[in-house]
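In: one predicted model, sequence on top.
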Amino acid sequence: VPKTTMENLKLQLRGLQAYSWVGWNDAATYAIENKTGYEEALKWADNSIQNEERFENLNTKAQLLRLTGKTAEADATMAKALDKAGPLQLHNYGRQLLAEKKPAEATKIFQRNAKENPTVWFVYVGLARAQSAAGKFKDAAKNTKEALSRAPEPQKKYLQGLLDKLEAGKDINS
């Protein structure tokens with residue numbers, strides 16, 4: 001199935017998809033998710049970047065470079081991606097790092113996000129997630145309370161649930 005899909009992606013990228021960064025990036029992401037065609041996917045990531053350089057396609061390229069053993073180039077590309085990232089992109093990348101069991105790296109991303117975007121409510125949730133992963137439930141609860149005070153009304157019930165978990169000494173990442 002992945003081989004057939006990769007061939008179909010090549011055909012699809014000859015049409016309108018070729019003029020947007022999204023199609024190329026989606027194709028490269030498919031290769032990552034299905035562990036196939038990394039060299040072809042690198043070309044697709046480059047095409048995506050040529051159409052419009054964004055956090056998303058730079059992140060995709062960094063992942064592909066890492067998967068092909070080009071660690072130094074991957075690190076440089078990821079640094080460039082992070083410079084383009086907005087608050088939500090940084091937050092989601094931190095969450096990705098936590099899911100990959102890289103809490104120290106995630107903490108750095110969440111701290112950077114809080115420094116660059118101190119008025120955005122969910123950056124405090126990111127800090128809380130990093131602290132919770134480290135077993136620092138009191139610190140995590142403090143940041144969750146800060147997020148709760150800044151969050152829009154529809155998010156408050158969710159945040160209260162996180163706070164309740166933290167105050168009970170439970171990790172909010174599980």
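Out: Received the coordinates, thanks.
In: I'd like to know which helix or strand in this protein has the lowest mean pLDDT.
Out: Ranked by mean pLDDT, DSSP states H and E, the weakest helix or strand in the chain is helix 2-12, scoring a mean of 70.
In: name the next helix or strand downstream of that helix, please.
Out: helix 21-33 (DSSP states H and E).
In: what mean pLDDT does that next one get?
Out: When pLDDT is averaged over helix 21-33, the result is 94.
In: then that helix to CSV, C-alphas only?
Out: Extracted in CSV, the C-alpha atoms of helix 21-33 (Å, rounded to 0.1, in the frame of the first residue of the first chain):
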residue,chain,number,x,y,z
TRP,A,21,3.2,24.3,0.0
VAL,A,22,0.5,22.0,1.6
GLY,A,23,0.4,19.2,-1.0
TRP,A,24,4.1,18.8,-1.1
ASN,A,25,4.3,18.8,2.7
ASP,A,26,1.4,16.4,3.1
ALA,A,27,3.1,14.0,0.7
ALA,A,28,6.4,14.2,2.6
THR,A,29,4.5,13.7,5.9
TYR,A,30,2.9,10.6,4.5
ALA,A,31,6.4,9.2,3.8
ILE,A,32,7.5,9.9,7.4
GLU,A,33,4.3,8.3,8.9
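In: that helix packs against which elements?
Out: helix 2-12, helix 38-51, helix 55-67 (3 or more CB pairs under 8 Å, 6 or more residues apart in numbering; DSSP states H and E). (Each C-beta comes from the backbone N, C-alpha and C, glycine too.)
In: can you point out the buried residues in that helix?
Out: 21, 23, 24, 25, 26, 27, 28, 29, 30, 31, 32 (16 or more other CB atoms under 10 Å).
In: can you get me a residue count around residue 78?
Out: A count of nearby residues for residue 78, using other CB atoms under 10 Å, gives 19.
In: just give the nearest non-adjacent residue to it, would you?
Out: residue 62 (4.0 Å; CB to CB, 6 or more residues apart in numbering).
In: gap between residue 99 and residue 2?
Out: Taking CB to CB, to the nearest Å as the measure, residue 99 and residue 2 are separated by 23 Å.
In: who has more neighbours, those two?
Out: More crowded of residue 99 and residue 2, by other CB under 10 Å: residue 2, with 13 against 10.
In: quick one: low-confidence parts of the protein?
Out: 6, 9-12, 14-19 (pLDDT under 70).
In: can we see that at 90?
Out: Within the chain, the stretches with pLDDT under 90 are 1-20, 174.
In: thinking again about what came up before, got the contact list for the residue nearest to residue 78?
Out: Contacts for residue 62 (CB atoms under 8 Å, 6 or more residues apart in numbering) come out as 74, 75, 77, 78, 81.
In: show me the contacts for the second one.
Out: Contact analysis of residue 75 by CB under 8 Å, 6+ apart lists residue 62.
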